[in-house]
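Colleague: Predicted model, plus sequence, below.
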Amino acid sequence: EERLVESGGGMVQSGGSLRLSCAGHRFTFEHLAYGWFRQAPGKEREGVACINAEGEPYYKEFAKGRFTISRDNTKSTMYLQMNDLKSEDSAVYYCATAAWFRDCTVQEGWSSWGQGTQVAVSS
C-alpha cells in the first residue's frame, strides 16, 4: 500500500501558525475521505480533523475555531491550517485515507498512513 506524504511541520511559538500538507494518490484522491491525526509522546493517537470526498469537514472539539482542514483535488493534496497553536498541540501529525468516516477516530479503518510530521510548540 502506497503511503501518503505529510509535510509542513516544524517548531513554532505558542500562538503561532503552521500549515500541514498531505500528498495523496493522483488517480484516487478525489474519491476518498482524508483525516489528520496526532500522537504525543506517551499518548494514544487521536483524531484531529477529517474531510469527506464532498469536502465536508469534521473537527474534534479541541480543533474547532483554531484548525481548518481543506482539500485541493486538482493537486491531490489535503491541508491542515493550524492557528493559535498551544504547547499541548505538540505531537507527530499523521494523515490517512478511508472510504468514509463517522467520528474521525483512529478506529474507523484508515489506511495509507504517512510517516508523520513533527509539530513542536514552545510556550
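Modeller: Structure's in. What do you need? Numbering: from 1, shown residues only.

Colleague: got the contact list for the helix or strand where Val121 lies?
Modeller: Using DSSP states H and E, Val121 falls within strand 117-122. With contact meaning C-beta atoms under 8 Å, 6 or more residues apart in numbering, strand 117-122 is reached by 6-14, 16, 18, 20, 38, 82, 85-93. Bear in mind the C-beta positions are built from the backbone N, C-alpha and C, glycine included.

Colleague: how does it look with 7 Å?
Modeller: With contact meaning C-beta atoms under 7 Å, 6 or more residues apart in numbering, strand 117-122 is reached by 6-9, 11-14, 18, 20, 85-87, 89-93.

Colleague: Ok, stretch 91-105 next?
Modeller: For stretch 91-105, contacts defined as C-beta under 7 Å, 6+ apart pick out 4, 6, 9, 20, 22, 24, 32-40, 47, 49-50, 52, 58, 60, 78, 108-114, 116-119.

Colleague: Can you tell me the SS state at Gly65?
Modeller: When classified by DSSP: H, G, I helix; E, B strand; the rest coil, Gly65 comes out as coil.

Colleague: Phi first, then psi, for it.
Modeller: Gly65 has phi and psi values of phi 90, psi -10 when expressed as degrees, to the nearest 10.

Colleague: burial count for it?
Modeller: 10 (other C-beta atoms under 10 Å).
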